[in-house]
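Student: my questions concern the predicted model and sequence given below.
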Amino acid sequence: MTLGYFTAPGLLIPQLSSVDQASAINELSQRLQQAGRIEDSLTFFQAVLECDYLSSSATEDGVAFLHARVRGIDQPCFAAGFSKAGVRWRDGSHVHAVFLMAVPPVETQLYLALMSALARLSRTTQLMSSLMTCRQAKEVLQLLNAVELSAPVHRGEPLVLKDRKD
């Protein structure tokens with residue numbers, strides 16, 4: 001299973017229009033709602049900001065990993081946006097890749113596997129450089145399909161994912 005399984009072209013923005021953290025989170029939250037992955041983008045947006053306030057999501061490498069656990073989500077998914085110029089983060093840094101995960105309240109193992117795969121992706125300089133040069137969402141998805149997830153195990157059995165809606 002790859003990172004591409006947890007997203008879709010409509011959730012991938014090769015060039016974010018946002019210039020600050022709140023706008024970027026809102027832009028990605030809107031995409032998640034439009035794709036039917038979350039019920040209410042405003043509630044989700046607020047949950048993401050609250051979570052990020054407790055612990056900053058930005059890394060020294062210019063990548064941000066945001067998430068929120070809200071009701072109404074069937075399985076973990078994510079939206080992602082990229083900015084060559086950088087999105088101004090609340091700590092003053094500039095973030096070039098934003099990964100926004102929507103996670104069911106009770107899901108832990110799959111969330112951790114997804115987060116681990118995204119972290120590995122962010123440390124792969126060549127792949128991150130390629131993501132930054134993509135012009136279309138389908139190109140981004142193709143690159144994300146190259147990153148394998150570690151298979152989470154639930155009670156000794158492989159985790160079975162529900163069919164995606166798209």
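Tutor: Happy to help now that I have it. Numbers count the residues shown, from 1 in each chain.

Student: and residue 97, which of the three is it?
Tutor: Secondary structure state of residue 97, per DSSP: H, G, I helix; E, B strand; the rest coil, is strand.

Student: you'd agree it is up against residue 131?
Tutor: Yes: using C-beta atoms under 8 Å, residue 97 is in contact with residue 131, at 6.7 Å. Every C-beta, even on glycine, is put in place using the N, C-alpha and C of the backbone.

Student: can you list residues touching both of these two?
Tutor: Common contacts of residue 97 and residue 131 (C-beta atoms under 8 Å, 6 or more residues apart in numbering): residue 82.

Student: lowest mean pLDDT among the helices and strands of the chain, which one is it?
Tutor: One helix or strand of the chain scores below all others by mean pLDDT, DSSP states H and E: strand 157-158, with a mean of 42.

Student: got the buried residues for stretch 19-32?
Tutor: Using 16 or more other C-beta atoms under 10 Å as the test for burial, stretch 19-32 gives 21, 24-32.

Student: nearest to residue 90, out of those: which one, please.
Tutor: residue 21 (5.3 Å; C-beta to C-beta).

Student: distance of the closest one from residue 74?
Tutor: Residue 21 sits 27 Å away from residue 74, going by C-beta to C-beta, to the nearest Å.

Student: and residue 154, what's its pLDDT?
Tutor: Note on residue 154: pLDDT of 47.

Student: now do residue 166
Tutor: Confidence score, pLDDT, at residue 166: 48.

Student: do the same with residue 99
Tutor: Value for residue 99, per-residue pLDDT: 97.

Student: distance of it relative to residue 34?
Tutor: To residue 34, residue 99 is 18 Å away according to C-beta to C-beta.

Student: where do the helices sit along the protein?
Tutor: All helices of the chain, identified by DSSP state H, fall at 21-34, 41-54, 109-122, 125-133, 137-144.

Student: just say which of these is most tucked in.
Tutor: Comparing those by mean neighbour count (mean count of other C-beta atoms under 10 Å), helix 21-34 ranks first with a mean of 21.

Student: packing partners of it?
Tutor: On a contact count with 3 or more C-beta pairs under 8 Å, 6 or more residues apart in numbering; DSSP states H and E, helix 21-34 meets strand 12-13, helix 41-54, strand 77-88, strand 94-103.
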